[in-house]
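Participant: predicted model and sequence follow; I will ask about them next.
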Amino acid sequence: MITSKEYFESLLTPEERTLAANIYRVLRESIALHGTVQQTHDYVVTTLNAIPGLEVQYYNIVDGDTLADVTTWDAPSIVGCITVYCGATPIRLIDKTDFSITVNANVPFTFDLPEWVEPVDVEPVEGEKAYTFRAKEMEQAGRREATITVEAEYFTPKEIRLIQIKTDEEVPEATGTWTFDNPDNLMAGTGIATLSPAYEGEDGPVFTDNPEEAGIYPVDGPNEENGAISVPVETY
């Protein structure tokens, strides 16, 4: 993903922009190593995660044309796709309201909360404790952010970023699981049998008892190490 420089910088403080420069530096260093794909991947992840304030959330080395994972440098175009969190890791509430902040202190301190967050258990103790809070329910799907500040006299305030997200659809309750690890029955699983192979017909989906008719078949397996199958885009 490519974002504009102005948008990228608007999301980071000056200190975080300086910190983020390490991402480019480490990626350039990894190329100079001339190692295998796995060695290059491991160097980038390990090196970036060792820098305080940076945390790799995703990094994959892929074919630049198909975006499929690669294990060698043989493809004509190879790119690295990376997502790195820069700065203090935020608290994320996705369809949730309760959260906690662990503080270890031997001096009095306070929490400065946004108006949509209320304290649940903030009775101070000497030493370490997980203090609990509750965000108000969001009425509509969306996202909001705020900063919680922990303050103590003679100490620099600590700011914690809080993100609350309400999705527009409820996640349905699981009714079964499918492992796709039985070559003789790729649809085998447990629970309510709601998974069936089907393909696109002239009048809509056509269900079949034969997965191959829907383009579903094993790929290099399944076996104990690799339970992969191929499922075409138009399969239901």
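Facilitator: In hand now; what should we look at?

Participant: in the protein, which segments are predicted with low confidence?
Facilitator: Within the chain, the stretches with pLDDT under 70 are 1-13, 88-89, 169-195, 217-236.

Participant: nearest the middle, which residue of it would you pick?
Facilitator: Gln57 (6.1 Å; Cα atoms, centre = their mean).

Participant: for Val45, see how far away it is.
Facilitator: Separation of Gln57 from Val45 (Cβ to Cβ, to the nearest Å): 10 Å. To be clear about C-beta, it is placed using only N, CA and C from the backbone, and glycine gets the same treatment.

Participant: over to Glu29?
Facilitator: Taken as Cβ to Cβ, the span from Glu29 to Val45 is 13 Å.

Participant: mind checking which of those two has more residues around it?
Facilitator: Val45 (18 against 14; other Cβ atoms under 10 Å).

Participant: got the buried residues for the helix ranked longest in the chain?
Facilitator: If you go by DSSP state H, the chain has its longest helix at helix 14-33. Within helix 14-33, the residues scored as buried using 16 or more other Cβ atoms under 10 Å are Glu16, Leu19, Ala20, Asn22, Ile23, Val26, Leu27, Ser30.

Participant: stretch 130-145 too?
Facilitator: Judged by neighbour count using 16+ other Cβ under 10 Å, the buried positions of stretch 130-145 are Tyr131, Phe133, Ala135, Met138.

Participant: so which of those residues is the closest to Leu162?
Facilitator: Nearest to Leu162 out of those is Ala135 (Cβ to Cβ; 7.5 Å).

Participant: for the chain, which segments count as helices?
Facilitator: 5-10, 14-33, 37-49.

Participant: can you redo the buried residues of helix 14-33 as CSV with distance to Pro119?
Facilitator: Converted to CSV, these look like this (distance: Cβ to Cβ, whole Å):
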residue, distance to Pro119
Glu16, 29
Leu19, 32
Ala20, 34
Asn22, 37
Ile23, 37
Val26, 40
Leu27, 43
Ser30, 45
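
Participant: perfect, that will be all.
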